[in-house]
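J.: Okay, sequence plus prediction incoming.
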Amino acid sequence: MLSAIISLVLAVVSVILVVKLLLLTPTILLYALVTAGLAIKFVAKKILGAIPWIVSALVAATVGFIGLGRQFFGAGSAKSFVEQFLPPRDFERETLSLTLIELMIVVREKILRQVTCLRLNG
């Protein structure tokens, strides 16, 4: 008799818990969807901020590799080749690495100016 009462109480408690969990499921699902949406928005914003850096790094690396190839085959200094793409300076740039970093920064600034100009015109 005692085991039947315990079994009945456990069955009623488990049914109540399942019903409460089913009632909470839409709320949990809503919180999960909002969290996923905010995470996607955050990641997209960070990726959009990184795109000019990625493009400028690819451009600088490409120009650097072309310059090194030209230097390897005797067509001149790689640093002087990369300097052709940069604005003139009063003093000489020290190394190829620093010249490539400067090229990357210049290309990023040009990309950002173009984007800003497009936003203002469009």
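T.: Arrived safely.
J.: Which strands or helices does the host helix or strand of residue 27 pack on?
T.: Per DSSP states H and E: residue 27 is located in helix 2-72. Helix 2-72 sits against helix 78-83, helix 96-121, with contacts defined as 3 or more Cβ pairs under 8 Å, 6 or more residues apart in numbering; DSSP states H and E. From N, CA and C alone the C-beta is placed, and that goes for glycine too.
J.: Need the pLDDT of the residue nearest the centre of the chain.
T.: For the chain, residue 47 is the residue whose C-alpha lies nearest the centre (Cα atoms, centre = their mean; 2.9 Å). Looking at residue 47, its pLDDT is 89.
J.: swap in the one 10 residues further on?
T.: pLDDT, residue 57: 94.
J.: same check, this time on residue 122
T.: Residue-level pLDDT assigned to residue 122 equals 62.
J.: Low-confidence stretches in the chain?
T.: Residue ranges of the chain with pLDDT under 70: 122.
J.: Residue 39 and residue 45, how far apart?
T.: Computed as Cβ to Cβ, to the nearest Å, the residue 39 to residue 45 distance reads 11 Å.
J.: Check residue 86 too.
T.: Residue 86 is 31 Å from residue 45, by Cβ to Cβ.
J.: And for residue 65?
T.: Relative to residue 45, and taking Cβ to Cβ, residue 65 is found at 32 Å.
J.: Where does residue 85 sit: helix, strand or coil?
T.: Secondary structure for residue 85, judged by DSSP: H, G, I helix; E, B strand; the rest coil, is coil.
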